[in-house]
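Participant: Any chance you can model this:
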Amino acid sequence: MSELCLKIIDADRRTVAVGKGENEVNLVFSQEYKEGDMILFEMSETGRYVWLQFDDALGKSLVYLTGMAFYQVPFGEKRINLSPKAFCGNRHLLSARVAKDFEVAAYRNLAINVYDQSGSRNVYPHAEANVETRGEAVFAAQNAIDGVTVIQCHGEWPYASWGINKQPDAQLKIDFGTKVTVDRIVLYTRADFPHDNWWRQVSFSFSDGSSFEWTLEKNENPHEIIFEEKQVTWLKMHDMQKSEEPSPFPALTQIEVYGRSM
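Facilitator: Numbers count the residues shown, from 1 in each chain. As a prediction, the model looks like this:
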C-alpha cells in the first residue's frame, strides 16, 4: 500500500488543507485560492504511476512520480493558457490514485500532462524548450502536452501553443521520467493562417541515440508519424524548417507520443 498526501500551503508556507489516504486520496478545498498558494503531493513510494488531479476543471492525468510534486496555483498572466474555470471559486476537488497495472500497460499517449509547469520536477511527462515566445504563458512549452488541440487561432485558452519566438534553433524536449516504448508521434501544428507559417520538415532525436527527419504538408489535419518501436526516456523535436511563405510565426499546438510504459 502506498500512503498518499495532498496539501495546500499558502504564501507563508502554512498548511491550509490536507488530505491523506492509502492508494487513493481526495481533498475538498472550500476556499478561494490566494496568490502564492501551492499544491503539494507526496507518496511513500516513488517511481510509480499515479492518476493526479489538482483541479476538477482540468481533470486527471496519468503521471510518473519520482518524488514530491509541487504545483504553483497560477494567477494573472500565468493562468490565461488554462480554462477560466480552473482554480476559480470556493469549491475545489483534488485527488490522486495509484494507477492499476493494466492502466499503466495500455497503449496510449504518453506525452499528456495537464499539470506540467515550467521548472516542474518529479512529475512526468515534462516539456521543456530552449525558447518560449516573450516568456508568455500562452506560448509556453507545457501547452504542447496539455491535451488541447485547437489549432485555428493563437493566444489565450483554448488557443495556447508552444511559440518559438522566430528562432531557427528552437528545440522541444519531452521527458518521460522513465523508460517507455514509443512508435508513433502526432503533431498538431498551429494553423492560424495567414498569421502563421508552417514547417515543411521537422527532426526528432531520441535518448537511445537514434534520430530521423520527417516531411510535413500545409494543412489543418494532425500529422501522424509512425516509426519502428524505440525504448527511450526522452525525445527532442528540433531543426524545424519553415516554408517560404512570408509569415515568421510557425508554432506547435500539441505533440502526442504513443506507446507503452515499461
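Participant: can we go C-alpha only for contacts and neighbour counts from here?
Facilitator: OK.
Participant: distance between the ends of stretch 119-135?
Facilitator: Distance across stretch 119-135, first residue to last, is 13 Å (Cα to Cα, to the nearest Å).
Participant: Kindly apply the preceding question to stretch 62-76 instead.
Facilitator: Span of stretch 62-76 from end to end, Cα to Cα: 27 Å.
Participant: Could you pick out the longest strand of the chain?
Facilitator: strand 223-242 (DSSP state E).
Participant: Quick check: buried residues in that one?
Facilitator: 223, 230-242 (16 or more other Cα atoms under 10 Å).
Participant: can I assume residue 82 is in contact with residue 155?
Facilitator: No - with contact defined as Cα atoms under 8 Å, residue 82 does not count as touching residue 155 (11.0 Å).
Participant: Could you check which of these two has the larger neighbour count?
Facilitator: Taking other Cα atoms under 10 Å, residue 82 and residue 155 do not tie; residue 82 has more neighbours (23 against 14).
Participant: Just give the closest residue to the more buried one, not the sequence neighbours.
Facilitator: Excluding the flanking residues, the one nearest residue 82 by Cα to Cα, 6 or more residues apart in numbering is residue 157, at 5.6 Å.
Participant: quick one: that neighbour is in a helix?
Facilitator: No - assessed with DSSP: H, G, I helix; E, B strand; the rest coil, residue 157 is coil; it does not lie in a helix.
Participant: Neighbours of it, how many?
Facilitator: When neighbours are counted by other Cα under 10 Å, residue 157 comes out with 18.
Participant: Between the buried residues of strand 223-242, which sits nearest residue 68?
Facilitator: residue 233 (20.0 Å; Cα to Cα).
Participant: which residues touch that closest one?
Facilitator: With contact set as Cα atoms under 8 Å, 6 or more residues apart in numbering, residue 233 has these partners: 175-180, 206-207.
Participant: same thing but 7 Å
Facilitator: 175-180, 207 (Cα atoms under 7 Å, 6 or more residues apart in numbering).
Participant: now residue 37
Facilitator: 8-11, 72-73.
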